[in-house]
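1. Prediction below, plus the sequence it came from.
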Amino acid sequence: CLLAISLLQIPVSRRTTNVSFCLWILAHNTLFLSLFVGTTITTNSSSSPPPMIMSAINRHGFLMFIVANLMTGLVNQSISTMDVKDDMALCILYIYMSALGGIALLMENNKILTRWNENNTTKRKE
């Protein structure tokens, strides 16, 4: 999909949600899902636990979702995202992902529990 879009030089437009955008999103998400499945398969043996960052993000999923949305709002309010060049946009994304991963690891290392953690839930007595 990505190769066809590149070879045919079809402009990708998020605003008009054209066919090339849909194909690009489909290819992008399929690639990353494949990488996630591959990582999970290769790291999920009985002798080795999953990588710490994956466990941290999984354990603090709801809070990471909230933080990610707040960071997205912060980026959108502070930068004219439509005018940013591609290389700068990638830098912003790398900083964004690193910050989210760092927050998840910080919470994991400092044993910060939230109400939504499965380790911190209490069962109702019936």
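-> Thanks, I have it.
2. Give the residue spans of the chain that score low on pLDDT.
-> 1-18, 44-48, 113-126 (pLDDT under 70).
3. Spatially central residue in this protein, please.
-> Met97 (6.8 Å; C-alpha atoms, centre = their mean).
4. Would you check how far apart that residue and Ser34 are?
-> 18 Å (C-beta to C-beta, to the nearest Å). In short, each C-beta sits where N, CA and C put it, glycine included.
5. Quick check, Pro51 in contact with Thr40.
-> No. If you go by C-beta atoms under 8 Å, Pro51 and Thr40 don't touch, sitting 9.9 Å apart.
6. And the helices in this protein?
-> Along the chain, counting by DSSP state H, helices occupy 2-8, 19-43, 52-59, 61-78, 86-109.
7. highest average neighbour count across those?
-> helix 52-59 (a mean of 16; mean count of other C-beta atoms under 10 Å).
8. Grab the CA positions of that one and hand them over as CSV.
-> Presented in CSV, the C-alpha positions along helix 52-59 are these (Å, rounded to 0.1, in the frame of the first residue of the first chain):
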residue,chain,number,x,y,z
MET,A,52,9.2,-3.4,31.4
ILE,A,53,7.9,-0.5,29.3
MET,A,54,5.1,-2.8,27.8
SER,A,55,4.1,-3.9,31.3
ALA,A,56,4.2,-0.3,32.6
ILE,A,57,2.0,1.0,29.8
ASN,A,58,-0.4,-1.9,30.2
ARG,A,59,-0.7,-1.5,33.9
